[in-house]
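Participant: Give the three-dimensional model of this entry:
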Amino acid sequence: MPLPKIPSKPGTLLPVNEYPKAEPGKSPVRAVAAPVEADPVEDLISGKAVPAAKSTRARKGKATPLAAVPAPQAAPERASQPATVAKLKETDMDEPHPAKHKPVEVNVKSSTSRKADRAGKTKVFVLDTNVLMHDPTCLFRFEEHDVYLPMMTLEELDDHKKGMSEVARNARQVSRTLDALIADIDDDTIEAGIELAKLGNKDAKGRLFFQTKLQNGPTLPEGLPVGKADNQILGVVKALAAEQPDRAIVLVSKDINMRIKARALALPAEDYFNDHVLEDTDLLYSGIVQLPDDFWDKHGKNMESWQDTRNGTTFYRVTGPFINSLLVNQFVYLESDDSPFQAQVKEINGKTAVLQVLRDYSHTKNSVWGITARNREQNFALNLLMNPECDFVTLLGQAGTGKTLLALAAGLAQVLETKQYNEIIVTRVTVPVGEDIGFLPGTEEEKMSPWMGAFDDNLEVLNKSDNDAGDWGRAATQDLIRSRIKIKSLNFMRGRTFVNKFLIIDEAQNLTPKQMKTLVTRAGPGTKILCLGNIAQIDTPYLTEGSSGLTYVVDRFKGWSHSGHVTLARGERSRLADHASDVL
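Facilitator: Numbers count the residues shown, from 1 in each chain. Okay, the predicted model is just below:
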């Protein structure tokens, strides 16, 4: 039996309006010679039953039709319920494996909080200790609502104030803020509440309340340990709700288990949302936008073009409605079979923009330290990295997209070849993925070297790109490179100023917004800062994709004329790594 031919055209979905119409009142009849009708199928778009297309496999000649088969009746439960159809995203058809669907972060207020919002009433937020240690300024983030601090929260703050960690610093800052709030307050007025706007925070219009007496209200269910701090805070929330039944009492905690316990006890609990830059990281600025197919038809009228005589770069000045959706230093592209167009937005004035055609780093003549761009996003990234006017660059992407390799190649080219910068400084957050390996011996650079394995791997790749130098030449080049790369720890960054440095911050997704601000403000004249990371691999506790310092700087720096961002989409490490990213 011969094998069937391979189809020459890809299969397409049949539109709804092209489905064959079923005749009303007739049930499907199965016949030997007649075309066979399939059972009705449910349309994914409208939710209505639509008959399938008739089969064309009918035998030649006449045959006696079989008896009609009665149509199956729907179950009574299903008939009584309205048909509900899930909305499918376009990308769902391209993702065959369920592991590729990322969990959606849903930040939902409690029902008590929503009722208070609809009624226009102010709420009382009871703060857990981890909220204060996560954001020391959270006391002033609740607008017109009141803030309540249980005595156990103050006890836990006192326990965590010792040490040099970020948590200890935040605990000490909260203690200083509370001390300034109650400095000149009479003892009798503390129970009535302290105005949060006292220290100059005009947005905080509520009052701060402390637990001044033991609660005599309803106790927690028997069996919960009374001495545990979380249970005592839950008891305070329950007692407050009984004392003030006309007000919404809401517990705010970063601890998921604490919120689950509160909801199990019928107490309203919420996460702390104020530090979230974005509710959904799918809306994060990507730095890249595809131009519509009719872009030149709508924007080509009165278009101006000129060329820079120094480097031969071409510029276009275009005007049209699409310009309003663009930002400065955003990359635009238009796919075409004959001549694809890739450019960067340099200026925006109303509905007029100046587009600069990019340098093609995918060509070997424009290679950077022997490295060429393998895809469109890498070409965008290299244009940012090699631009001396761009002081701050952020690169996002999953493992294997080439973030570290591109950054090191651009750094070495500008330090050793063009002498744009004096040296490369590399740092990263020392958050282990598994168990901590303990104290490390040696100097600062020797202690950081186990965390810098990724840079060693990429340096090995960059050294092998010079095939003509030989073993001795490669060894000399490696020694020269090592002398120009300094590895520094984040713990000693405060107070420093980097002048004419190429600073690379790796694993930046593990930084808090405060740590990120500390690092970026270290930049002196002539310094370029690169932030590399993957927000899907956050190891720092209480830090999410929406509250990461990397997300924070990407959102705040977009549109600035001296910064740029690119989200690398395609992995170029190996076919094994790409397949593992898809299926695991």
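Participant: what helix or strand does V237 sit in?
Facilitator: Using DSSP states H and E, the element containing V237 is helix 229-243.
Participant: Which positions in that helix come out as buried?
Facilitator: 229-241 (16 or more other Cβ atoms under 10 Å). C-beta coordinates here come from the backbone N, C-alpha and C atoms, glycine included.
Participant: Same question for stretch 327-346.
Facilitator: 328-333, 341-346.
Participant: Please apply the same query to stretch 398-410.
Facilitator: Going by neighbour count (16+ other Cβ under 10 Å), the buried part of stretch 398-410 is 398, 400-410.
Participant: same thing with stretch 485-505?
Facilitator: 485-488, 490, 493, 498, 501-505.
Participant: before we move on, the earlier item: mind exporting the very next helix or strand once past the helix holding V237 as CSV, just the C-alpha atoms?
Facilitator: Proceeding N to C from helix 229-243, the next assigned helix or strand is strand 248-252, under DSSP H and E. Only the C-alpha atoms of strand 248-252 are listed here, as CSV (Å, rounded to 0.1, in the frame of the first residue of the first chain):
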residue,chain,number,x,y,z
ALA,A,248,-13.6,47.5,57.8
ILE,A,249,-10.7,45.8,59.6
VAL,A,250,-8.2,44.4,57.1
LEU,A,251,-5.0,42.4,57.8
VAL,A,252,-2.1,43.3,55.4
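Participant: Show me the contact partners of strand 248-252.
Facilitator: Contacts to strand 248-252, defined as Cβ atoms under 8 Å, 6 or more residues apart in numbering, come from residues 110, 112-113, 115-116, 121, 123-128, 131, 148, 233-234, 237, 240-241, 258-259, 262, 267-272.
Participant: was I right about D128 contacting R259?
Facilitator: No - D128 lies out of contact with R259 (Cβ atoms under 8 Å); the separation is 9.0 Å.
Participant: of these two, who's got more company?
Facilitator: Using other Cβ atoms under 10 Å as the criterion, D128 and R259 rank with D128 on top: 28 against 20.
Participant: Find the residues that touch each one of D128 and R259.
Facilitator: Both D128 and R259 are in contact with 251, 253, where contact means Cβ under 8 Å, 6+ apart.
Participant: Mind splitting the chain into its structural domains?
Facilitator: 111-270, 282-357, 372-583 (automatic domain parsing).
Participant: pLDDT of the second one, averaged?
Facilitator: Think domain 282-357. Averaging pLDDT along domain 282-357 yields 90.
Participant: Give me the distance between that domain and the centre of its chain.
Facilitator: Relative to its chain's centre, domain 282-357 lies at 26 Å (Cα atoms, centre = their mean, to the nearest Å).
Participant: and which of the buried residues of stretch 327-346 is nearest to H363?
Facilitator: Q342 (12.7 Å; Cβ to Cβ).
Participant: Against P525, how distant is the closest one?
Facilitator: To P525, Q342 is 31 Å away according to Cβ to Cβ, to the nearest Å.
Participant: Return the set of buried residues in stretch 114-134.
Facilitator: 116, 122-134.
Participant: low-scoring stretches of this protein, by residue?
Facilitator: Applying pLDDT under 70 to the chain flags the ranges 1-108, 215-219, 275-282, 431-440, 444-455, 464-477.
Participant: count of neighbours near S362?
Facilitator: Neighbourhood size, S362 [other Cβ under 10 Å]: 15.
Participant: Next: G546.
Facilitator: 20.
Participant: give the contact list for the closest residue to F209 other than its chain neighbours.
Facilitator: The shortest distance from F209 to any non-neighbouring residue, by Cβ to Cβ, 6 or more residues apart in numbering, is to Y148 (4.6 Å). Counting by Cβ under 8 Å, 6+ apart, Y148 touches 124-127, 209-211, 236, 240, 249.
Participant: cool, V328 as well?
Facilitator: If you count contacts by Cβ under 8 Å, 6+ apart, V328 has them with 345-348, 559-561.
Participant: Neighbour-wise, which one of these leads?
Facilitator: V345 (19 neighbours).
Participant: May I ask you to confirm that N379 belongs to a helix?
Facilitator: Yes - the assignment for N379, made by DSSP: H, G, I helix; E, B strand; the rest coil, places it in a helix.
Participant: Make sure it is actually in contact with H363.
Facilitator: No - the criterion here is Cβ under 8 Å, and N379 misses it with H363 at 9.8 Å.
Participant: out of these two, which sits in the busier spot?
Facilitator: Legend: neighbour count by other Cβ under 10 Å for N379 and H363, higher for N379 (22 against 11).
Participant: so what's the more buried one closest to, chain neighbours aside?
Facilitator: Residue nearest to N379 in three dimensions, not counting chain neighbours: A373, with 4.0 Å by Cβ to Cβ, 6+ apart.
Participant: where does the one you found land in three-state SS?
Facilitator: A373 is classified as coil under three-state DSSP.
Participant: Now name the helix or strand holding S581.
Facilitator: helix 575-583.
Participant: got the buried residues for that helix?
Facilitator: Neighbour counts over helix 575-583 (16+ other Cβ under 10 Å) mark 578, 581 as buried.
Participant: Distance from the chain centre to it, please.
Facilitator: Put simply, helix 575-583 sits 21 Å off its chain's centre (Cα atoms, centre = their mean).
Participant: With stretch 109-127 instead?
Facilitator: 28 Å.
Participant: now stretch 557-572
Facilitator: Centroid separation between stretch 557-572 and its chain, computed with Cα atoms, centre = their mean, is 13 Å.
Participant: Do a quick rundown of the helices in the stretch 401-550 of the chain.
Facilitator: Ranges of helices within the stretch 401-550 of the chain are 403-412, 444-448, 453-464, 470-484, 513-520, 549-557, based on DSSP state H, counting those that start in this stretch.
Participant: thinking again about what came up before, mind listing which of the contacts of V328 are in strands?
Facilitator: Members of the contacts of V328 lying in strands (criterion: DSSP state E): 345-348.
Participant: tell me the two of those that are most distant?
Facilitator: Within these, two members stand farthest from each other by Cβ to Cβ: K346 and I348, at 8.6 Å.
Participant: Looking at the contacts of strand 248-252, which are in strands?
Facilitator: Reading strands off the contacts of strand 248-252 with DSSP E, I get 123-127, 148, 269-270.
Participant: Right, I'll leave it there.
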